[in-house]
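> no sequence for this one, just the structure:
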């Protein structure tokens, strides 16, 4: 379906809102510029469409023009962006295998009923495929449910496993591009399944998460940690009726975005909780800290008398001991306000947040205390189910925020097996604990630094040029030999290019070695090699001429020479 | 939507047909077994459903059971499969960057109108997303059209580029799992855009394709090569009316699957071509060879008098010269029967096929001569547009067949820009040439060999165990140190496991080094290390006990010792 005046007008309205919001937020200039460009393109398209419809030989007939853009909430990643993405994925995958994980890949769409009843009220965000005859299909919403489906199908071989997945997932949410919140986004998941001894896999996952974030250099981060059983125990102790526990838990989950006063209002006014009960909860969820908080809670006789809280506190004690052995305890904040939205968590839950050092345009204060004294902008209108309009989220108070999250879900696999076996059948499944890392959010944090650092974004080591009369076949021969020897090499795809044009092409890619062929030299079996270096001078990448005339080498010895160069060795160990 | 009796019965009918076909084909045992298992699972489900519907408290109400399976034409890739897939992708990506390529990533879905009118009659195979308010979206059918859309949107920066993509594409075709033909499948594309000198990028792509297939060790392969301009010239010279050229070309494209007699019949009976004209075409399309074929065609005065053929032949001459410099000429078969289905090719076209050495269960003879003397099974009923029923393709005559294909498409980008600018507007675009590599087909070829070779499928180097009383925290500490030093390590997630259980766990992953902690030893700062080796003995992976007692090392020196081991060094250079 091509664009019509109506659809374009609607898109212009939506895009205008995006631009207005970015302006109001004083967001980063590049993001604003990109959105403004999109708006002006849309307006141009509308004018062209109107002109075509009103005048000329097509008068009276609406002109259908193709809109050259990606779907809402999706984007292309071009070369310089993909260079960083590959770098990030390499580190993540290396950490996953370092922790003994094996890779799993599931299809991008699932039979719709596999996804049904897994995501609570967020189910409305699932992308469905059109019914074209055959199965009802939906795009995967996360990696957890497909993993659980895989485990349920292969239980005999996978009763104990460490599986990881890297891939895209899909949510029909309202995109905020500049913060890396998209409708198509990449997640890297690591899950440990099987009955192991208490808290060992849980500690393993937290250690893994900390290793990954450290190696990715995302800046200072904190892993907020809580336990569903402690939280549920607190609700019981405070007097929340059993049927309201999950909905009150959802309200607590909003404390990273809203002040306590708002949350309390939701609990009491919307969800009918006794204000006295709410205030008791308010006292507990303020707590955050480390082991001393655990001691404090263990000294709370009301809490330790509650079976759920008692189990949770005891597990937390085991976990803290392990986290010390893993040397990850300093990254952990035991945070009673962390509740996590998904229903299927049954044990510990966690969320990694980056602290103050967010990139320009990102105002992250997701770790701020839920406190009534700190005035915060109000959260606006609630999102209508399935609606397309932009939700006015209070973006400033979140920033990139959570970059990874997860928890223990011991019943998801068994619930799938039970549903498959028929109603009423109970089934043994496998307990699981896992983490999802938001690669787009990490990308949004790292990319500005990456660009600023002036790193090379291509791996070509040698650019082969001709000083003489084209020497096309000679250039091709040498490039082919270099490539076969594992040296990334290129040349200008012209039959008789001028030498300066070849230098320009090689310099655009910041290729460290220029290899120049000359007719007479070649006859003597010689080539000229010039080393080229770039440095950041006054914030700008500048070529440093290392050797003006270059060195003359035997053509036969060129490959060895290159492989012994420090530049090649640096590249081999991933130094650029 | 959960399964109903109707939907299950339909699925059983379909699955029975799949099993029957595999049996008839005497396909490989594993694939048949897998399909039979699916069938029996479906039957079991139907019985359970009927029982639930007929008896018990749910009588009279249809019971909805969840079907635990992946969507039709899709599959999971588990750990041992993913290990090979990663290996394949690494080689492909390394070749792509060795040839100076930069990565591009586009969304998995596009606005539907971007894909419209690009795939001829195969457009019916496009997966559409449900209209949930907003844009009309479709899953990408290939990487070429999204690339062209990207180039059209970023023309100012991408008038000359070498871009590669690796990712999944989607076609609602009839899947043949055992041959790696799926509805969701992975393609690796490399495309060179921009105005360069004649045939240089084309030769670069063919050299790249040959390098990749060689490094992947897919076995003997041939790159069939033809030129659209020569083919069109031949059609003109033979007397095909201009309006029939594309449809006659489509008929010729079937020569890799059908004998000439069938193709001629299609040309004359279905497409109304004069049989005399068809016979003339038949003489030409029999030709295949190397440069001598080019000489022969250049000596054909009828052909060289045709402007299209003349241009094509002249370009082919330049190409052959370059292919010699690239040392790839021995892989090329100039094949006049190659036509390629897609309409948008404007220059050279090519297709890589693996020859005889297909894996067990694959009967590839895709390179067989189109000859009337060789009797072949008939191709069955044509596929109805959008229909779900299984097409009875003559699978035996194709095998895995084509594993990569591509060509030059000079007008695709400009046609997108024109469509966006409004009807009637002509637009300069960028000429392109590219190749798509079918990663699933390559996987289907390599996987049996990979399993047979008994390669390790996990990278864990060290397994840390306790001989004493659990020593959980001590094990965790050491594993953490090893991992931080970049040594992939694991341990058994039990508080007090028995030593044999720990050895078993480490051996299951074929971990080369067992590191054993003992309480007394640890106090002296010592650990015990045992090297473990596996070899194929009588076709079975068998552990070779290298040192029965192991060696005692200082704990402080363990990491250095491991990093200096030949096993670690082999791993560093990718030797396992």
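Sure, I can see it. What you are looking at is a predicted structure, and each value in this text was computed from that prediction instead of being measured.
> Could you check how many residues crowd around the closest residue in space to residue A:97 that isn't next to it in sequence?
The spatial neighbour of residue A:97 that comes closest, neighbours along the chain excluded (CB to CB, 6 or more residues apart in numbering or on different chains), is residue B:459 at 4.9 Å. Just so you know, the C-beta spots here come from the backbone N, C-alpha and C atoms, and that holds for glycine as well. By other CB atoms under 10 Å in any protein chain shown, the residues close to residue B:459 number 17.
> I figured residue B:459 was touching residue B:568, is that so?
No. Between residue B:459 and residue B:568 there is no contact under CB atoms under 8 Å: 10.9 Å.
> So for the residue most central in space within chain A, what's the nearest residue that isn't a sequence neighbour?
With distances taken as CA atoms, centre = their mean, residue A:439 lies nearest the centre of chain A, 2.1 Å away. Closest residue in space to residue A:439, ignoring its immediate chain neighbours: residue A:186 at 4.0 Å, by CB to CB, 6+ apart.
> Show me what the helix or strand hosting the one you found is packed up against.
Take DSSP states H and E as the rule and residue A:186 turns out to sit in strand A:184-193. Of the remaining helices and strands, those touching strand A:184-193 by 3 or more CB pairs under 8 Å, 6 or more residues apart in numbering or on different chains; DSSP states H and E are helix A:79-98, helix A:144-153, strand A:161-170, helix A:200-216, strand A:432-438, helix A:439-452.
> Pull the distance from the next helix-or-strand element following the longest one to the chain's centre.
Think helix A:79-98. The element immediately downstream of helix A:79-98 (helix or strand, assigned by DSSP H and E) is strand A:102-103. Distance of strand A:102-103 from the chain centroid (CA atoms, centre = their mean, to the nearest Å) equals 19 Å.
> Which SSE is immediately downstream of strand A:102-103?
Downstream of strand A:102-103 (by DSSP H and E), the next one is strand A:109-111.
> what's the spacing between that next one and its chain's center?
From the chain centre to the centre of strand A:109-111 is a distance of 22 Å (CA atoms, centre = their mean).
> looking at chain A, which helix or strand is least sure?
Least confident helix or strand, chain A: helix A:29-54 with a mean of 68, by mean pLDDT, DSSP states H and E.
> re the thing from before, hang on, the residue nearest to residue A:439 packs against residue A:170?
No. Using CB under 8 Å, residue A:186 is not in contact with residue A:170, being 10.9 Å away.
> who's the residue nearest to residue A:439 bridged to?
residue A:168 (DSSP bridges).
> Now do it against residue A:213, distance only.
16 Å (CB to CB, to the nearest Å).
> which residues in the stretch 401-550 of chain A form strands?
Along the stretch 401-550 of chain A, counting by DSSP state E, counting those that start in this stretch, strands occupy A:402-409, A:432-438, A:462-466, A:489-491, A:513-517, A:526-537, A:540-545.
> and the fourth one, anywhere near chain B?
Yes. Looking at strand A:489-491 against chain B by CB under 8 Å from any CB of the partner chain, the contacts come from A:489, A:490.
> The residue lying closest to residue A:289 once chain neighbours are set aside pairs with what?
What sits nearest to residue A:289 in space, not counting adjacent residues and going by CB to CB, 6+ apart, is residue A:334, at 5.8 Å. The partner list for residue A:334 in beta bridges (DSSP bridges) reads residue A:225, residue A:289.
> check contacts around residue A:334.
Applying CB atoms under 8 Å, 6 or more residues apart in numbering or on different chains, we find residue A:334 in contact with A:225, A:226, A:287, A:288, A:289, A:290, A:291, A:293, A:294, A:316.
> Name the residues of stretch A:32-43 that come out as buried.
A:32, A:35, A:38, A:39, A:41, A:42 (16 or more other CB atoms under 10 Å in any protein chain shown).
> According to the record, where do the domains of chain A fall?
Split into domains by the TED database, chain A comes to A:5-48, A:72-219+A:410-455, A:221-354, A:462-573.
> among the ones you listed, which is nearest residue B:561?
Closest to residue B:561 of the domains of chain A is domain A:72-219+A:410-455 (CB to CB; 18.4 Å).
> Could you pull out the strands in the stretch 251-400 of chain A for me?
A:288-289, A:332-335, A:348-354.
> Need these in a markdown table (columns: mean pLDDT).
A markdown table is the format used below for these (pLDDT from 0 to 100):
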| stretch | mean pLDDT |
| --- | --- |
| strand A:288-289 | 93 |
| strand A:332-335 | 96 |
| strand A:348-354 | 96 |
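> what's the most buried one of those?
Mean neighbour count (mean count of other CB atoms under 10 Å in any protein chain shown) peaks for strand A:348-354 among those, with a mean of 25.
> name the helices or strands packed onto that strand?
helix A:200-216, strand A:221-227, helix A:307-325, strand A:402-409.
> So which residues make contact with it?
For strand A:348-354, contacts defined as CB under 8 Å, 6+ apart pick out A:199, A:202, A:206, A:209, A:213, A:218-228, A:256, A:315-316, A:319, A:338-340, A:364, A:366-367, A:399-408, A:433, A:435, A:445.
> Selection in PyMOL covering whichever of these are buried, please.
In PyMOL syntax, the buried subset of the contacts of strand A:348-354 is picked out as below (16+ other CB under 10 Å):
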select buried, chain A and resi 199+202+206+209+213+218+219+221+222+223+224+225+226+227+228+256+315+316+319+338+339+340+364+366+367+399+400+401+402+403+404+405+406+407+408+433+435+445
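> re earlier: next one: the residue nearest to residue A:289 from chain B, what distance?
20 Å (CB to the nearest CB, to the nearest Å).
> So, low pLDDT: which residues of the stretch 151-300 of chain A?
Where the stretch 151-300 of chain A drops to pLDDT under 70, the residues are A:179-180.
> in the stretch 351-500 of chain A, what spans have low per-residue confidence?
A:356-400, A:423-426.
> Which residues of it lie near chain B?
Neighbours of chain B within the stretch 351-500 of chain A, by CB under 8 Å from any CB: A:386-388, A:416-417, A:419-423, A:457-460, A:472-473, A:476-477, A:480, A:483-484, A:486-490, A:493-495.
> Could you identify the buried members of these?
Using 16+ other CB under 10 Å as the burial test, those include A:416-417, A:419-422, A:457-460, A:472, A:476-477, A:480, A:483, A:487-490, A:493-495 as buried.
> any idea how far residue A:540 lies from chain B?
Residue A:540 is 19 Å from chain B, by CB to the nearest CB.
> Contacts only, for that residue.
With contacts defined as CB under 8 Å, 6+ apart, residue A:540 is in contact with no residue.
> so it bridges to which residues?
residue A:537.
> Give me the pLDDT value at it.
Per-residue confidence (pLDDT) for residue A:540: 77.
> do residue A:550 as well
87.
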